[in-house]
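Colleague: Sequence and predicted structure, then a few things I'm wondering about:
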Amino acid sequence: MRGISSYLTFAGNCREAMLFYNECLGGVLYFQTIGGSALAEKMPKQMKDSILHSTLTKKSLVLMGSDMVSNDGLVKGNAVSLMLNCSSEKETRACYEKLSQDGKRNHPLEITFWGALFGDLTDKYGNHWLLHFDKPKK
């Protein structure tokens, strides 16, 4: 195995959410619309601008998303979190501030008993994020 990536499903606002994550985290963002794919003829015309697949990449970070919801509809839960291992305290604090805009700060950033800077939040799209930075040992 080479790794695991997070894949988020949205109910029609994938483009908006992925642009928000790109603004918060940086990186390169790619979109594939339904209208620009081989599925275009099989899907309702009103879905042509919906996102079939998107990818946000920045070094080893890969975040994917789609508007392709199953027939059961979109069900949000707390079983999946996005763990963001940051490279500095400054980056951790900046990402926490940006991602928590219009969301909920579940656990503010603080130094933990294991010596890391850690906090979690739920963003405005209902996705749960864990932010972590291992402070250098003195």
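Modeller: All right, it came through fine.
Colleague: Only C-alpha atoms from now on, for both contacts and neighbour counts.
Modeller: Fine.
Colleague: Now the helix or strand hosting residue 16: average pLDDT?
Modeller: Secondary structure assigned from DSSP states H and E places residue 16 in helix 14-25. In this model, helix 14-25 has a mean pLDDT of 98.
Colleague: Would you mind listing the outside residues contacting the next helix or strand along the chain from that helix?
Modeller: Scanning forward in sequence from helix 14-25 by DSSP H and E, the next helix or strand is strand 28-33. Identification of contacts with strand 28-33 by C-alpha atoms under 8 Å, 6 or more residues apart in numbering yields 15, 18-19, 22, 48-58.
Colleague: Try it again at 7 Å.
Modeller: Identification of contacts with strand 28-33 by C-alpha atoms under 7 Å, 6 or more residues apart in numbering yields 22, 48-58.
Colleague: just stretch 89-105 next, same as before
Modeller: 24-25, 86, 120-124, 131-133.
Colleague: Where do the domain boundaries of the chain fall?
Modeller: Domains of the chain are assigned by automatic domain parsing as 6-66, 81-134.
Colleague: Among those, which comes closest to residue 72?
Modeller: domain 6-66 (11.8 Å; C-alpha to C-alpha).
Colleague: Start and end of that closest one, how far apart?
Modeller: With C-alpha to C-alpha, to the nearest Å applied, domain 6-66 spans 11 Å between its terminal residues.
Colleague: For the remainder of this discussion, apply numbering that starts at 43.
Modeller: Right, with 43 as the first residue, what we last looked at is domain 48-108.
Colleague: still on that earlier bit, from the contacts of strand 70-75, which would you call buried?
Modeller: For the contacts of strand 70-75, a burial check counting by 16 or more other C-alpha atoms under 10 Å picks out 64, 90-99.
Colleague: okay if I get the contacts of stretch 131-147 as a markdown table plus secondary structure and neighbour count?
Modeller: Formatted as a markdown table, these follow (DSSP: H, G, I helix; E, B strand; the rest coil; neighbours: other C-alpha atoms under 10 Å):
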| residue | secondary structure | neighbour count |
| --- | --- | --- |
| 66 | helix | 17 |
| 67 | helix | 19 |
| 128 | coil | 17 |
| 162 | strand | 22 |
| 163 | strand | 24 |
| 164 | strand | 21 |
| 165 | coil | 21 |
| 166 | coil | 15 |
| 173 | strand | 21 |
| 174 | strand | 25 |
| 175 | strand | 21 |
